[in-house]
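Novice: Fold the stuff below for me.
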Amino acid sequence: AADKIRLIPQDFFAELCEQIIQHLNHKIPGINTAELCQRIQTAGVDINIGDLAKIANTLSFLFSTAARNNLSTEELVTTLGSGVSTLPKHAVQVIHHVWNEQGKAIAVSEDARSMATVGQFVDMKWKLGVAMSSDTCRSLKYPYVTVTLTVADPSGQITDKSFEMTVPQFKNFLRQFKEMASVLETV
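Specialist: Okay, here's the model as predicted:
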């Protein structure tokens, strides 16, 4: 990861670190690495989304471990300096600054730890479509619903999951949501 971190300009690296801290503080549901990667590439840096996701996971692990061990800024920077592959100076400076400013706010409660093993819902989009015809049938007029769920996985990476449902499947889906809503009202 250290070799790839060298490629990332300091301002983008700082933005990534701040987003990770915000995610660990439950202020944002996750880190949109696809959008950040596109902006870094537009700035002329040759990095792919997989490498950026690995860096984000590494930094998330670094910050959460530092919080769990209640490390001071100096202890964190010293620990980083003693690693096998040394981080670039600009990265250590950014980590020092971000941890010093925002790191102490990371809540590492039991609830937060158990929540970290499950993804988090971010958004849902849907659309109604009608299949008019196919290569085997001239006139289908078959309605369907396409649903796209945006979720943040436990490491904070935001991904979209899409699926299609027939109208009866959608009605069952809706019925289950109504059941959840009624149960939640009793809590």
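Novice: Pull out the buried positions in stretch 7-16.
Specialist: Residues of stretch 7-16 classed as buried by neighbour count (16 or more other CB atoms under 10 Å): 7, 8, 12, 13, 14, 15, 16. The way it works is simple: take the backbone N, C-alpha and C, and place the C-beta from them, glycine included.
Novice: Tell me the one of those nearest residue 166?
Specialist: residue 16 (41.2 Å; CB to CB).
Novice: pretty sure that closest one is touching residue 56, no?
Specialist: Yes - counting by CB atoms under 8 Å, residue 56 is a contact partner of residue 16 at 6.3 Å.
Novice: Let's have the buried residues of stretch 7-16 in TSV, adding pLDDT.
Specialist: Output for the buried residues of stretch 7-16, formatted as TSV (pLDDT from 0 to 100):
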residue	pLDDT
7	87
8	91
12	93
13	93
14	93
15	94
16	93
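Novice: Quick one: these as TSV, columns for distance to residue 25 and secondary structure too.
Specialist: TSV is the format used below for the buried residues of stretch 7-16 (distance: CB to CB, whole Å; DSSP: H, G, I helix; E, B strand; the rest coil):
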residue	distance to residue 25	secondary structure
7	27	helix
8	22	coil
12	20	helix
13	19	helix
14	16	helix
15	16	helix
16	15	helix
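Novice: Just put those in TSV and tack on distance to residue 153.
Specialist: Below are the buried residues of stretch 7-16 laid out as TSV (distance: CB to CB, whole Å):
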residue	distance to residue 153
7	24
8	21
12	21
13	21
14	23
15	20
16	16
